[in-house]
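Chemist: Give me a model of this one.
(one chain, ligands or ions: 1)
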Amino acid sequence: MTASLEVSGLAFAYPDGHQALFGVDFRIGRGERVALLGPNGAGKTTLVLHLNGILAGGAGTVTVAGLPVDKRNMAEIRRKVGIVFQDPDDQLFMPTVREDVAFGPAAAGVKGAELEERVRTALELVGMAAFADRPPHHLSFGQRRRVAVATVLAMEPEILVLDEPSSNLDPASRRELADILRSLDVTVLMVTHDLPYALELCPRALVLSEGVIAADGRTGELLGDDELMRTHRLELPFGFDPRSVTMGA
Ligand SMILES: Nc1ncnc2c1ncn2[C@@H]1O[C@H](COP(=O)(O)OP(=O)(O)OP(=O)(O)O)[C@@H](O)[C@H]1O
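Modeler: Below you'll find the model as predicted:
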């Protein structure tokens, strides 16, 4: 399988000397959906910020679709790695939804009919085409999150990275977003503390703990491993049985 993402020997210490990553290795094939799990402070955000070069300077390499993440390739890397941050308001700042979704591709030089097509397709993929002319701040949180996903999809990324995509969503919005994510033909890396959501959406999971990959395998198997879960402070909701979920892979 062609790799969308390869992380090799990635280590990183913050300027204050705090070491957050200690040699992280994994590979994600094109079209896979992978959950990145781990307790608070495990290094998940630090890892994600290396995927598009926001953080750099430690040891090891990150490669996206064969292209190394480094200063020379930054513009192309930022197009290939689409990060949807936890707070949609960090990503929406234009007067209308349409302008927000057009912003990234327009900055990358896409214009005219192609730009319109990109915007239309991205909004259709997240079920928000009818909202194109609305100001983002008039939308509900769940709708703003979907538009934030569209802003990233409009870049036609190689890999979609989602930080806590289910946070602050009501059950119906949570399910609708899951259906949208499952329908997309894109590689997904999803950082989440919502373990049932990880199980529903991602056939594979990585457990990051104290700056190393502690486990990499089938999500259902990892969540069913009581010893692994306890060791890395992962807890399923009360009464939730990972063996009872049929996954929509
Ligand atoms: N700017 C910073 N300077 C120094 N240390 C930092 C900085 N940002 C994060 N850290 C430390 O690096 C470690 C990893 O943090 P990180 O935010 O990557 O964890 P996380 O797995 O994303 O946690 P959470 O689940 O709470 O979001 C933590 O110990 C944190 O305190």
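
Chemist: Only C-alpha atoms from now on, for both contacts and neighbour counts.
Modeler: Fine.

Chemist: What is the burial count for residue 80?
Modeler: Neighbourhood size, residue 80 [other C-alpha atoms under 10 Å]: 22.

Chemist: and the gap between it and the ligand?
Modeler: Counting by C-alpha to the nearest ligand atom, to the nearest Å, the gap from residue 80 to the ligand is 22 Å.

Chemist: ditto for residue 245
Modeler: For residue 245, the distance to the ligand - C-alpha to the nearest ligand atom - is 24 Å.

Chemist: Just give the nearest non-adjacent residue to that residue, would you?
Modeler: residue 200 (7.3 Å; C-alpha to C-alpha, 6 or more residues apart in numbering).

Chemist: Pretty sure the one you found sits in a strand.
Modeler: No - counting by DSSP: H, G, I helix; E, B strand; the rest coil, residue 200 is not part of a strand but helix.

Chemist: what's the distance between it and the ligand?
Modeler: Applying C-alpha to the nearest ligand atom to residue 200 and the ligand gives a distance of 20 Å.

Chemist: Near the ligand, which residues of this protein are found?
Modeler: 14, 16, 18, 20, 39-46 (C-alpha under 6 Å from any ligand atom).

Chemist: Take these and keep only those in helices.
Modeler: Among the residues of the chain next to the ligand, the members found in helices (DSSP state H) are 44-46.

Chemist: Tell me the most packed of those residues, by neighbour count.
Modeler: residue 44 leads those on contacts (other C-alpha under 10 Å) with 24 neighbours.
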